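> Dropping a prediction and its sequence here:
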Amino acid sequence: MRIVSEDGAPHPEASGPLHPELQFARCMSNRYKSEQFPRCVSCTRRWAGDTCRFQGIRFFLKDHQRNIVGISFVESQKPDAPSMIFPTRWNVTLLPAHIQRTKVMGQFFLKRVG
């Protein structure tokens, strides 16, 4: 990875190797309190009850003095739960009686809601 300034010149703080650190806590946690980086709106507006938008997806790129000199994000994320495998065929042949029952039950419950 190469960090450059706005004019395209090599960034002076990125002369050595950078060490990525995954953000595993909320933006406003004590772990990151002294660090200077953008916090998510969720963390700045609410201290409790909402989840951090960057937790588990943002990397802080730190120099040899542990200063944040860059930010990166996870390229691809694995789903939390296994993907569902849905059936491609019915277990019985679909008959007009099944369709009629679905329509009647749908109408019945829509009347109760409305």
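That came through, no problem. Numbering: from 1, shown residues only.
> Show residues contacting the lowest-mean-pLDDT helix or strand in the chain.
When each helix and strand of the chain is scored by mean pLDDT, DSSP states H and E, helix 41-45 comes last, with a mean of 72. Residues outside helix 41-45 that contact it (CB atoms under 8 Å, 6 or more residues apart in numbering): Arg26, Cys27, Met28, Asp50, Thr51, Cys52, Arg53. C-beta here means a position set from N, CA and C on the backbone, and glycine is covered the same way.
> List the buried residues in that helix.
By neighbour count on 16 or more other CB atoms under 10 Å, the buried set for helix 41-45 is Ser42, Cys43.
> same check, this time on stretch 69-89
Val69, Gly70.
> Give me the secondary structure label for Leu61.
Assigned with DSSP: H, G, I helix; E, B strand; the rest coil, Leu61 falls in the strand class.
> before we move on, the earlier item: of the contacts of helix 41-45, keep whichever come out buried.
Arg26, Cys27, Met28, Cys52.
> All set, thanks.
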